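> no sequence on this one, just coordinates:
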């Protein structure tokens, strides 16, 4: 059987993988293959921002993972949506443009990861960005990935901003300059009212290149190794097993759940885990799948006294037609915005020098994120702790690559995380009670007036807390015993193999993860191409 050969084989066409496919194939010198387990991004609701609600539980475009029962969350199995198809989670996420705080990246560098401090990564954020406001010292205007303003201001969001100002939080028009503190409107990854995923921004312009091949419906099953060198990839497409070879490198960009899974399936990971499942140990790398971190959100919902919410727009066929026509005419209105319009970053924990919580404000309410809106005017204050202390794990359940791994986030495992959960919910209530919001907030739907004491609030958090879709850290970069990659994202002890996605984060960034995933891939592309040039010179 002849085996196709490429210079680079990239696994996963998500936020990072699409960037790599574009950058590594750009000059035509290298032959690149991009493997994606899901389908093409042809589904209309992927591209309409409010379609987030249509893809949240979609069986084709969403992996629809569940965690193991969470001991600190009343043994609930918590739903973890992850994108499946071109664009990965960037095709189904909430569209929020958020880089995190400068201190997040300086901390990575302090942990021994040279070149990952804020001043070093900022140029890659700028390179990736096409900001609707134009270029500045911290923003780009020539990159592939659009960051667009919400042009229409919301009456309710304006009241939320005024309420936060009553609490001493300043209004801001930019959460992405390194200092997040403030309240204001998000910028969104949209272009002319449509989602600007990694597939749209990076992959689509590169699809015509003769040296780039893209295989969809191709689920990677394991690495091909020669000793301790990665030389290719096995994948399954329409029930048929295939192999491809990589002359230079294999790059895992399958995300924080499936990149560690592929390493473990290939014999790279904690030796005890691998042996339990009958997998030969190629390299005992104990950190693979450990250090799992995620943002746990608490959703407070309120009945609104005026018919000014997205619930009202969606309640009738006439309202749906009206907002549909508005989007078709000029790409604006609720369909062009999505779910969350604005945010707030502030400090609530003792000793915090920078914001430690984030709010997502939605002029919409539903029992579950992505579910059918309530039949009354409603809004949601979703709040999360930015830098949780709790750590979990991702581990294979068997040697079967088609079986989802065990996901154990271990939410609320520390006293500080539990304190933050209670205090963040109390802060949300304080905001809802401000004078600015008094004309708008009719009553609290959840948690409800009967939930008052700290112990009752914590019980609400345990019973209702859910992911805000930011799992990270399971192939962390570093030089300690539990590190999986070095600062160049090369897997320790295995030649020809890198991991390039949010799993390499040693600590979770303070905010949404799509922009950081793109930055990581932009930086990795430069490192990979520089290594190739060095090899050519040496040869």
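Yep, that arrived. Only a predicted model underlies this, so the values are computations on that prediction, with no experimental measurement involved. Numbering: from 1, shown residues only.
> only C-alpha atoms from now on, for both contacts and neighbour counts.
Fine.
> so where is the protein shaky, pLDDT-wise?
For the chain, applying pLDDT under 70 flags the ranges 1-2, 539.
> rerun that using 80 as the cut-off
Along the chain, the model assigns pLDDT under 80 to residues 1-2, 319, 369-370, 536, 538-539.
> pull the longest helix from it.
Longest helix in the chain, counting residues (DSSP state H): helix 514-538.
> buried residues in it?
514-525, 528 (16 or more other CA atoms under 10 Å).
> identify the residues contacting that helix?
Outside helix 514-538, the residues that touch it by CA atoms under 8 Å, 6 or more residues apart in numbering are 15-17, 19-20, 23-24, 90, 97-100, 121, 124-125, 128, 198, 488-489, 500-502.
> emit the PyMOL select command for whichever of the residues you listed are buried.
To isolate the buried members of the contacts of helix 514-538 in PyMOL, using 16+ other CA under 10 Å:
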select buried, resi 15+16+17+19+20+23+24+90+97+98+99+100+121+124+125+128+198+488+489+500+501+502
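> which ones among the contacts of helix 514-538 map onto helices?
Those of those lying in helices (DSSP H): 17, 19, 20, 23, 24, 121, 124, 125, 128, 198.
> any chance of these in a markdown table with distance to residue 147 as columns?
Output for these, formatted as a markdown table (distance: CA to CA, whole Å):
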| residue | distance to residue 147 |
| --- | --- |
| 17 | 19 |
| 19 | 16 |
| 20 | 20 |
| 23 | 20 |
| 24 | 23 |
| 121 | 18 |
| 124 | 15 |
| 125 | 11 |
| 128 | 10 |
| 198 | 12 |
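> for those, which one is nearest residue 222?
residue 17 (17.2 Å; CA to CA).
> distance of the closest one relative to residue 95?
Going from residue 17 to residue 95 by CA to CA, to the nearest Å gives 18 Å.
> residue 504 too?
Taking CA to CA, one finds residue 504 at 22 Å from residue 95.
> same question, residue 205
On the measure of CA to CA, residue 205 and residue 95 end up 20 Å apart.
> the more surrounded of these two?
residue 95 (29 against 12; other CA atoms under 10 Å).
> who touches the more buried one in this structure?
49, 188, 189, 190, 195, 338.
> at 10 Å what do you get?
49-50, 52, 89, 147, 186-190, 195-197, 337-341, 512, 514-515 (CA atoms under 10 Å, 6 or more residues apart in numbering).
> that one and residue 196, how far apart?
8 Å.
> how about residue 134?
Taken as CA to CA, the span from residue 134 to residue 196 is 17 Å.
> related to what we said a few turns ago, any residues in contact with both of residue 95 and residue 196?
With CA under 10 Å, 6+ apart, residue 95 and residue 196 have common neighbours 49, 147, 188, 189, 190.
> hang on, the earlier thing: ok, residue 134 and residue 196, which is more surrounded?
Applying other CA under 10 Å to residue 134 and residue 196 shows that residue 196 carries more neighbours, namely 27 against 12.
> for the residue nearest to that one when sequence neighbours are not counted, give me its contacts.
Nearest non-adjacent residue to residue 196, counting by CA to CA, 6 or more residues apart in numbering: residue 190, 4.8 Å away. Contacts for residue 190 were tallied using CA under 10 Å, 6+ apart; they are 47-49, 95-97, 132, 145-150, 196-197, 201, 331, 336-338.
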